[in-house]
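Q: Build me a model from this:
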Amino acid sequence: MAMTITDGNQGSQSACEALSHRRKSNVLELNQFRPDAIRLWHDGMQLADLCYQATQAFPRRQSYGLDAQIRMTANLIPASLAQGYEKAQLSLAEQEYTSCIERAKRALLELKTHLKFSERLSLVTPVVNEMLLEECDVVGQRIQDLCEVA
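A: Predicted coordinates:
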């Protein structure tokens with residue numbers, strides 16, 4: 001399954017084509033980490049999906065509380081990775097790409113904190129939380145691996 005980062009907008013595609021001459025020199029560099037970046041994005045999406053499922057069981061009074069924070073933070077991980085991947089494909093400044101990866105790392109740490117707090121409040125069972133935190137660790141290690149390649 002291929003990851004599509006652009007929104008399909010013709011303007012976005014035209015911009016990509018216009019920038020293609022600038023990025024040809026970086027194609028080899030991009031291809032070196034591209035499979036890992038795509039796999040990591042999928043892992044981030046899976047983690048976000050698991051967090052959404054886990055928070056569905058939260059009491060209704062939490063509708064705009066911790067469950068919303070968990071969902072937004074979990075979603076920020078693959079969103080930041082996608083943005084970083086797009087910037088790498090467009091050969092924009094490496095700092096911008098690195099910034100996106102760092103944002104994903106920060107979101108992951110925030111998510112882990114929210115998950116630990118939700119267990120303290122007995123909003124999620126220790127077994128479910130352990131599984132979510134293990135998935136966070138996997139994603140975190142893959143983010144770190146990607147940082148070393150990029």
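Q: May I ask which helix or strand encompasses residue 124?
A: Assigned by DSSP states H and E, residue 124 belongs to neither a helix nor a strand.
Q: so who does it touch?
A: 54-55, 57-58, 115, 118, 132 (C-beta atoms under 8 Å, 6 or more residues apart in numbering). In short, each C-beta sits where N, CA and C put it, glycine included.
Q: Can you give me the distance of the residue nearest to residue 44 when sequence neighbours are not counted to residue 43?
A: Leaving out its chain neighbours, the residue that sits closest to residue 44 by C-beta to C-beta, 6 or more residues apart in numbering is residue 78, at 3.4 Å. Counting by C-beta to C-beta, to the nearest Å, the separation of residue 78 from residue 43 is 8 Å.
Q: These two: which is more packed in?
A: residue 78 (24 against 19; other C-beta atoms under 10 Å).
Q: Give the buried residues for the helix or strand hosting the more buried one.
A: Assigned by DSSP H and E, residue 78 belongs to helix 66-89. By neighbour count on 16 or more other C-beta atoms under 10 Å, the buried set for helix 66-89 is 66-67, 69-89.
Q: Wait, residue 112 touches residue 136, no?
A: Yes - Residue 112 lies in contact with residue 136 (C-beta atoms under 8 Å); the separation is 5.1 Å.
Q: Name the residue in those two with the higher neighbour count.
A: Under the criterion of other C-beta under 10 Å, the comparison of residue 112 against residue 136 puts residue 136 first, with 20 against 17.
Q: Just list the residues touching the more buried one, thanks.
A: 47, 108, 111-112, 115.
Q: C-terminal to the lowest-mean-pLDDT helix or strand in the chain, what's the next element?
A: In the chain, no helix or strand scores lower on mean pLDDT, DSSP states H and E than helix 10-23, which sits at a mean of 40. As assigned by DSSP H and E, the chain's next helix or strand after helix 10-23 is helix 27-55.
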